[in-house]
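K.L.:
kindly generate the corresponding structure for this input.
(chains A, B, C and D)
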Number of protein chains: 2
Amino acid sequence: MTRSEENYLKTIFHLGGGDSKSITTNAIAEQMETKPSSVTDMAKKLSEKGLVDYVRYQGVSLTAVGVKTALSIIRKHRLWEVFLVKKLDFTWDEVHEVAEQLEHIKSEKLVDKIDELLDFPKYDPHGDPIPTKDGKFQERDEKLLSEMPINSQGVCVGVKDSSVPFLKFLDKNRIALGNTIKVLDKEDFDNSLRIQMEGKEMRISHQIAANLYVKKND
Amino acid sequence: MTRSEENYLKTIFHLGGGDSKSITTNAIAEQMETKPSSVTDMAKKLSEKGLVDYVRYQGVSLTAVGVKTALSIIRKHRLWEVFLVKKLDFTWDEVHEVAEQLEHIKSEKLVDKIDELLDFPKYDPHGDPIPTKDGKFQERDEKLLSEMPINSQGVCVGVKDSSVPFLKFLDKNRIALGNTIKVLDKEDFDNSLRIQMEGKEMRISHQIAANLYVKKND
DNA sequence: AATTAAATTTAGACAAATCTAAAAATAGAT
DNA sequence: ATCTATTTTTAGATTTGTCTAAATTTAATT
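P.N.:
Numbers count the residues shown, from 1 in each chain, chains lettered A, B, ... in the order given. All right, here's what the predicted structure looks like:
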């Protein structure tokens, strides 16, 4: 399994190709910042290896083996992210790039030992769930802050957008995972929110609210 | 800097090409288990990049920049080895293969933080010195056990051969770095030694003694 | 149903890193 | 100093992953 193959599987999974849903070559190309023709080539290759189902002009979806492989890479990526933050004091906006490299290290023992060292974490620094060794996903009952009704409360558990600028913005505004959130009011005009976060009242734009996952109370 | 380029620099350094000594393409090819013609190609490439001095038919040696680059890779390799042993309970015969991968991860912060986490180790699990961040080497006053005179004493500080079989052999015979060693007698016939290790008397072959580094007392 | 726009694939090319086989240079022996 | 054996390089081919440009298929519209 080459690094490139692994990256394709990961991308296809992130685009939803794990649920036997067909992902177009265009969508994959855009996500990976490559050309559709390159995706076609790789689709054939992965298909030959039994990792994806590929029908010409119809896009690709992951086979069971493909899903398993993708999950193992995602597992590694997220475990390394936790390691970088918890053990090496990286900030959550610094970890992605390095984890992109570390996720390709081939050593089952290494991953398992890192998992153990971290005491088997369930979520990465951005709140994304870490698949278990046997490829199980811990789905979480979370919704976007922008979809929470007025007066509902919850805890901030993840980010949808984990780009560096967004993460830095959150840091600057003292918005962190684990914070309690209550929706006080919604502004019809621009969909901005008035919220209480850790007791402090603040106003946030729809853009922000639509990229924060909250676990609702009760 | 590609992974392949890094591996060539590392190999040339290990073959002594850091002291403006010319290393033959054949020697490099043999060490890397590749063909001399491939080495020639890479020699040209590295020469163009100013990392090696290359004269046709005369072999290659590292430039100052080449040495610095090689040392930074070796530094990473050895720090990762320490990490694997100290933090993840790998045995010293398991670390090389994984470190060969980890040494190519590109993140200065990552290396520095690993260094810090390990409290700035000076030697790797096989007793090889870890270059400092600015490329300095801590040479050690060590000699091979096979060259120690009768009745001399010392501490086992490193292995010359760090192959898996040799390391496993040492484990099985309770020979570890840090052990005290005294040479009791040498057998002229086969150059085998009678030694006292950690108070216990034992006999070892020349083959073994010629691959153990000892720091002599006084 | 025919036409057109968009998406997708094919064909052919390229760069990196490797190989084989043949040619060239070096070094050792007489 | 010449010859020969060895080492080293060159030339051309291969594989992987990518690209561009052209051709094909699909989907949308009328």
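K.L.:
the residue nearest to the spatial centre of chain A and chain B: what is the separation?
P.N.:
With distances taken as Cα atoms, centre = their mean, A:Asp128 lies nearest the centre of chain A, 5.1 Å away. Plainly put, A:Asp128 is 21 Å away from chain B if you go by Cβ to the nearest Cβ, to the nearest Å. Bear in mind the C-beta positions are built from the backbone N, C-alpha and C, glycine included.
K.L.:
that residue contacts A:Asp161, doesn't it?
P.N.:
No. Using Cβ atoms under 8 Å, A:Asp128 makes no contact with A:Asp161, being 11.9 Å away.
K.L.:
how close does the residue nearest to the centre of chain A get to DNA strand C?
P.N.:
Going from A:Asp128 to DNA strand C by Cβ to the nearest atom of the strand, to the nearest Å gives 27 Å.
K.L.:
pLDDT score for that residue?
P.N.:
pLDDT, A:Asp128: 97.
K.L.:
off-centre distance for stretch A:93-113?
P.N.:
On the basis of Cα atoms, centre = their mean, to the nearest Å, stretch A:93-113 sits 15 Å off its chain's mean C-alpha point.
K.L.:
check stretch A:122-130 too.
P.N.:
Counting by Cα atoms, centre = their mean, stretch A:122-130 comes out at 8 Å from the chain centroid.
K.L.:
buried ones in it?
P.N.:
A:Tyr123, A:Asp124, A:Pro125, A:His126, A:Gly127, A:Asp128, A:Pro129, A:Ile130 (16 or more other Cβ atoms under 10 Å in any protein chain shown).
K.L.:
now swap in stretch A:86-95 and tell me
P.N.:
A:Leu88, A:Phe90, A:Trp92, A:Asp93, A:Glu94, A:Val95.
K.L.:
and the furthest pair within those?
P.N.:
Spanning the widest gap among those are A:Leu88 and A:Asp93, at 14.3 Å by Cβ to Cβ.
K.L.:
for A:Ser20, which non-adjacent residue is spatially closest?
P.N.:
Residue nearest to A:Ser20 in three dimensions, not counting chain neighbours: A:Ser61, with 5.0 Å by Cβ to Cβ, 6 or more residues apart in numbering or on different chains.
K.L.:
in terms of contact, does the one you found touch A:Thr24 like I think?
P.N.:
No. The criterion here is Cβ under 8 Å, and A:Ser61 misses it with A:Thr24 at 10.8 Å.
K.L.:
more neighbours: which of the two?
P.N.:
Higher neighbour count among A:Ser61 and A:Thr24: A:Ser61, with 22 against 15, using other Cβ atoms under 10 Å in any protein chain shown.
K.L.:
map the structural domains onto the sequence of chain A.
P.N.:
A:3-62, A:143-216 (automatic domain parsing).
K.L.:
now do the same contact list for A:Leu212.
P.N.:
A:Leu144, A:Leu145, A:Ser146, A:Cys156, A:Gly158, A:Val159, A:Lys160, A:Ile175 (Cβ atoms under 8 Å, 6 or more residues apart in numbering or on different chains).
K.L.:
for it, phi and psi?
P.N.:
phi -120, psi 130 (degrees, to the nearest 10).
K.L.:
what's the answer for A:Val85, then?
P.N.:
Note on A:Val85: its backbone torsions stand at phi -80, psi -50 [degrees, to the nearest 10].
K.L.:
all strands of chain A, in order?
P.N.:
A:52-55, A:59-62, A:143-144, A:153-159, A:180-186, A:193-197, A:200-204, A:212-216 (DSSP state E).
K.L.:
between these, which gets nearest to DNA strand C?
P.N.:
DNA strand C lies closest to strand A:59-62 among the strands of chain A, at 5.5 Å (Cβ to the nearest atom of the strand).
K.L.:
so which elements touch that closest one?
P.N.:
helix A:3-14, helix A:25-32, helix A:36-48, strand A:52-55 (3 or more Cβ pairs under 8 Å, 6 or more residues apart in numbering or on different chains; DSSP states H and E).
K.L.:
residues in contact with A:Arg203?
P.N.:
A:Ser192, A:Leu193, A:Arg194, A:Ile195 are the contacts of A:Arg203 under Cβ under 8 Å, 6+ apart.
K.L.:
determine which two of the buried residues of stretch A:122-130 are furthest apart.
P.N.:
Farthest pair in these, by Cβ to Cβ: A:Pro125 and A:Pro129, 12.3 Å.
K.L.:
quick one, what contacts the most far-flung residue of chain A relative to its centre?
P.N.:
Note on chain A: the largest C-alpha distance from the chain mean falls to A:Phe189, namely 30.6 Å (Cα atoms, centre = their mean). Going by Cβ under 8 Å, 6+ apart, A:Phe189 touches no other residue.
K.L.:
kindly report the same for the one 5 residues further on.
P.N.:
Neighbouring residues of A:Arg194 by Cβ under 8 Å, 6+ apart: A:Val183, A:Leu184, A:Asp185, A:Lys186, A:Glu187, A:Glu201, A:Met202, A:Arg203.
K.L.:
so how far is B:Leu88 from it?
P.N.:
Counting by Cβ to Cβ, to the nearest Å, the separation of A:Arg194 from B:Leu88 is 48 Å.
K.L.:
what does stretch A:11-24 contact?
P.N.:
In contact with stretch A:11-24 (Cβ under 8 Å, 6+ apart) are residues A:27-28, A:31-32, A:52-53, A:55, A:58-62, A:66-67, A:70-71, A:74.
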